[in-house]
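Chemist: could you look at this predicted model? Sequence included:
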Amino acid sequence: MEISIKGLNRVFESRVRLGIMSVLMVSGEVTFNDMKQMLDLSDGNLSSHANALEQNGYIEVRKSFAGKKPQTAYVISPQGREAFSSHIGALEKMIKNS
């Protein structure tokens, strides 16, 4: 039996990036602190993985202020939604064919 990994996106191989994308697919816009809490991550871990997703054009980082406090939020881009959906589709196909 041969299992094809064609269609899997290397950017999503990290469990943290997979988690970030999953949260954003369901929740839309999520603040840094909420994402950190949902995925049980450190500040640095979330920042580095979010930066990698942003560099690939899969998420957008939005900076604003809540009162006088700076606030960072993440939102999935149309390109990110398409890439992640394709990745999940490839995983489903791989599982179905195994």
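Modeler: Alright, I've got the coordinates.
Chemist: tell me which residue is most central in this structure.
Modeler: Central residue check for the chain by C-alpha atoms, centre = their mean: the C-alpha nearest the mean position is that of M21, 2.3 Å away.
Chemist: name the element it belongs to?
Modeler: helix 15-27 (DSSP states H and E).
Chemist: which other helices and strands does that helix contact?
Modeler: In this structure, helix 15-27 makes packing contacts with helix 32-39, helix 43-55, strand 59-66, strand 69-76, helix 78-96, judged by 3 or more C-beta pairs under 8 Å, 6 or more residues apart in numbering; DSSP states H and E. C-betas here are computed from N, CA, C, even on glycine.
Chemist: quick check: the gap between A73 and G89.
Modeler: 27 Å (C-beta to C-beta, to the nearest Å).
Chemist: just for the protein, where's the confidence low?
Modeler: Scanning the chain with the threshold set as pLDDT under 70 gives 1-4.
Chemist: circling back: for the helix holding M21, buried residues please.
Modeler: The neighbour-count check on helix 15-27 (16 or more other C-beta atoms under 10 Å) flags V16, R17, L18, G19, I20, M21, V23, L24 as buried.
Chemist: in JSON lines, list the residues you listed along with distance to A52.
Modeler: Formatted as JSON lines, those follow (distance: C-beta to C-beta, whole Å):
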{"residue": "V16", "distance to A52": "9"}
{"residue": "R17", "distance to A52": "7"}
{"residue": "L18", "distance to A52": "12"}
{"residue": "G19", "distance to A52": "13"}
{"residue": "I20", "distance to A52": "10"}
{"residue": "M21", "distance to A52": "11"}
{"residue": "V23", "distance to A52": "16"}
{"residue": "L24", "distance to A52": "14"}
